[in-house]
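> build me a structure from this.
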Amino acid sequence: MSEDHWGYVVIAYAVTAATVLVVALRIWLDHRRLAATLARLERDGAHEEDVAG
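Okay, here's the model as predicted:
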């Protein structure tokens with residue numbers, strides 16, 4: 001690898017790592033939201049027949 005390009009490689013790895021972390025964070029937050037919604041539905045007595053229509 002040329003000395004002139006090491007900065008671009010480091011930036012590419014940093015952007016990739018940040019992207020992966022953001023995606024993982026969004027998945028985790030969505031999972032928490034869905035789990036809370038499901039728990040609330042179960043607590044309030046919503047059953048599969050009620051949701052299915």
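> dump stretch 29-43 to CSV, keeping only the CA atoms.
C-alpha atoms of stretch 29-43 as CSV (Å, rounded to 0.1, in the frame of the first residue of the first chain):
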residue,chain,number,x,y,z
LEU,A,29,-33.9,0.1,19.7
ASP,A,30,-36.5,-1.3,17.4
HIS,A,31,-36.4,-4.7,19.2
ARG,A,32,-36.9,-2.9,22.5
ARG,A,33,-39.8,-0.9,21.1
LEU,A,34,-41.5,-4.1,19.7
ALA,A,35,-40.9,-6.0,22.9
ALA,A,36,-42.5,-3.2,25.0
THR,A,37,-45.5,-3.0,22.6
LEU,A,38,-46.0,-6.8,22.7
ALA,A,39,-45.8,-6.8,26.5
ARG,A,40,-48.4,-4.0,26.7
LEU,A,41,-50.7,-5.8,24.3
GLU,A,42,-50.4,-9.0,26.3
ARG,A,43,-51.0,-7.1,29.5
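> what's the helix or strand hosting residue 31 packed up against?
Residue 31 is part of helix 6-43 when elements are defined by DSSP states H and E. Other helices and strands packing on helix 6-43, by 3 or more CB pairs under 8 Å, 6 or more residues apart in numbering; DSSP states H and E, are absent; none qualifies. The way it works is simple: take the backbone N, C-alpha and C, and place the C-beta from them, glycine included.
> what about this structure, any weak spots by pLDDT?
Within the chain, the stretches with pLDDT under 70 are 1, 46-53.
> nearest to the spatial middle of it, which residue is it?
residue 27 (1.8 Å; CA atoms, centre = their mean).
> please report the distance of that residue from residue 20.
11 Å (CB to CB, to the nearest Å).
> kindly report the same for residue 45.
40 Å.
> ok, these two, which is more surrounded?
residue 20 (10 against 7; other CB atoms under 10 Å).
> what's the spacing between that one and residue 13?
11 Å.
> show me what contacts residue 24?
Counting by CB atoms under 8 Å, 6 or more residues apart in numbering, residue 24 makes contact with nothing.
> for residue 2, see how far away it is.
Distance from residue 24 to residue 2, by CB to CB: 33 Å.
> what of residue 31?
Distance, residue 31 to residue 2, by CB to CB: 43 Å.
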